[in-house]
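Fold the following, please.
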Amino acid sequence: MREYSITREKRDGRLAKGLGLFGIVLGLGEVFAQRRLTRWLGVADQPWLMRIFGLREITSGLGILANNQPTGWVWSRVLGDAMDLAVLGGALKSKQKNKRNVGIAIGAVVGATGLDLLSARQLTRNSSTREYRVVQSIMIRRTPEEVFSFWRQLENLPQVMPDLDSVEQTGNGHSHWRARGLAGKQIEWDAEITGEEPNRYIAWRTISDQAYAHYGEVRFLTASGGRGTVVRVQMNYWAPGNSFGRGLSRLVGQSPEQKLQLDLYRLKQTLEASEIKTAEGQPAERPRRGSSV
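I've put the predicted structure just below:
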């Protein structure tokens, strides 16, 4: 269910590992061929400085390869790149410089800095995001077939979820969702059904890397004594690792748990107050008043 998130993390991790390998190779060159490099640049022979830079590259590269979350090590590469640029900038003032070769070196370091910065930001984003799980359930005095039929027709959901403007089924289990976020800002995302068993459960996830990534499932369980259906919803979503996102939602009056519970209550009210046609096209019996949840 977390395939899209895992894919993104693997992609970001591959870039970091590649930079780590590159750093080790570069560092070995700086350590064992420092005199040749300084001559190529046409600057004063300072093998000790080149050796220090080489050891730094090797250390950060090994740190990246040895850690599953090498965020700090990649940021150390960004800092090292800044030091390299400072030294190369100083080399331009040297009377012995080879201007062409120093320019090539500066261009290469600028390119490496861009990749290092991109990787560091990706890893920081991944490490600062946490997955949250919300689970709510409610008993509805309708059969599992009736409740499933209403939910499976995704266009019905805006009737019970007021933040939703529309849901459009686009075919092959895919759908496009439009909703209102904070301050009435419209947000959109695409989703797909990842699992389904008629009258028993539906599972879904958002597609690709989206700002509103989430996944979950709805189960339709027969209540004890045949009193109706227990609808159980589980939703997993990503939010900032600190509590700002969740705290903000509580500040405006609705945590994800509260919102989901209210949506389920509206679903209960809608289905229990309406006539739902059975598979034979006849209206189902209205629930008797006074029944308890």
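
and the helix or strand where residue 62 lies, what does it pack onto?
Assigned by DSSP states H and E, residue 62 falls within helix 47-66. On a contact count with 3 or more C-beta pairs under 8 Å, 6 or more residues apart in numbering; DSSP states H and E, helix 47-66 meets helix 3-32, helix 34-41, helix 71-91. For every residue, glycine as well, the C-beta is placed using N, CA and C.

Buried residues in stretch 149-166, which are they?
Burial within stretch 149-166, assessed by neighbour count using 16 or more other C-beta atoms under 10 Å, is assigned to 149-152, 154, 156-158, 160-161, 164.

What about these, which are in strands?
residue 164 (DSSP state E).

Mind listing what's buried along stretch 217-227?
In stretch 217-227, counting by 16+ other C-beta under 10 Å, buried: 217-220, 223.

So which of those is the closest to residue 264?
residue 218 (9.8 Å; C-beta to C-beta).

okay but that closest one is in contact with residue 231, surely?
Yes: counting by C-beta atoms under 8 Å, residue 218 touches residue 231, with 6.6 Å between them.

what do these two both touch?
Each of residue 151 lies in contact with both residue 218 and residue 231 under the rule C-beta atoms under 8 Å, 6 or more residues apart in numbering.

for the protein, which spans come out with low pLDDT?
1-12, 42-47, 94-97, 125-130, 182-183, 208-211, 239-254, 275-293 (pLDDT under 70).

domain assignment for it?
Split into domains by automatic domain parsing, the chain comes to 3-127, 130-273.

Nearest residue to residue 15 in space, please, no chain neighbours.
The shortest distance from residue 15 to any non-neighbouring residue, by C-beta to C-beta, 6 or more residues apart in numbering, is to residue 119 (4.8 Å).

nope, residue 34 is what I meant
residue 50 (3.6 Å).

isn't the one you found right up against residue 32?
No: judged on C-beta under 8 Å, residue 50 makes no contact with residue 32 at a distance of 10.2 Å.

Give me the more crowded residue out of these two.
Just comparing residue 50 and residue 32: by other C-beta atoms under 10 Å the higher neighbour count belongs to residue 50, 22 against 11.

Contacts only, for residue 30.
Counting by C-beta under 8 Å, 6+ apart, residue 30 has contacts 37, 50-51, 53-54, 57.

Against residue 50, how distant is it?
To residue 50, residue 30 is 5 Å away according to C-beta to C-beta, to the nearest Å.

Tell me the residues that contact both of the two, please.
residue 37.

Quick check, residue 85 in contact with residue 106.
Yes: contact criterion C-beta under 8 Å: residue 85 and residue 106 qualify, at 6.8 Å.

thinking again about what came up before, for the buried residues of stretch 149-166, which one is nearest residue 207?
Nearest to residue 207, judged by C-beta to C-beta, of the buried residues of stretch 149-166 is residue 154 at 14.5 Å.

Please name the nearest non-neighbouring residue to the closest one.
residue 167 (4.5 Å).

got the contact list for the one you found?
For residue 167, the contacting residues are 154-155, 157-158, 175-178, by C-beta under 8 Å, 6+ apart.

Torsion angles phi and psi at it?
phi -130, psi 130 (degrees, to the nearest 10).

give me the beta-bridge partners of it?
Beta bridges link residue 167 to residue 177 when assigned by DSSP bridges.

which SSE is residue 93 in?
Assigned by DSSP H and E, residue 93 falls within no helix or strand.

how close does it get to residue 17?
With the distance defined as C-beta to C-beta, residue 93 ends up 37 Å from residue 17.

Looking at these two, which is more packed in?
Taking other C-beta under 10 Å, residue 93 and residue 17 do not tie; residue 17 has more neighbours (15 against 8).

ok, that one - contacts?
By C-beta under 8 Å, 6+ apart, the contact list for residue 17 reads 64-65.
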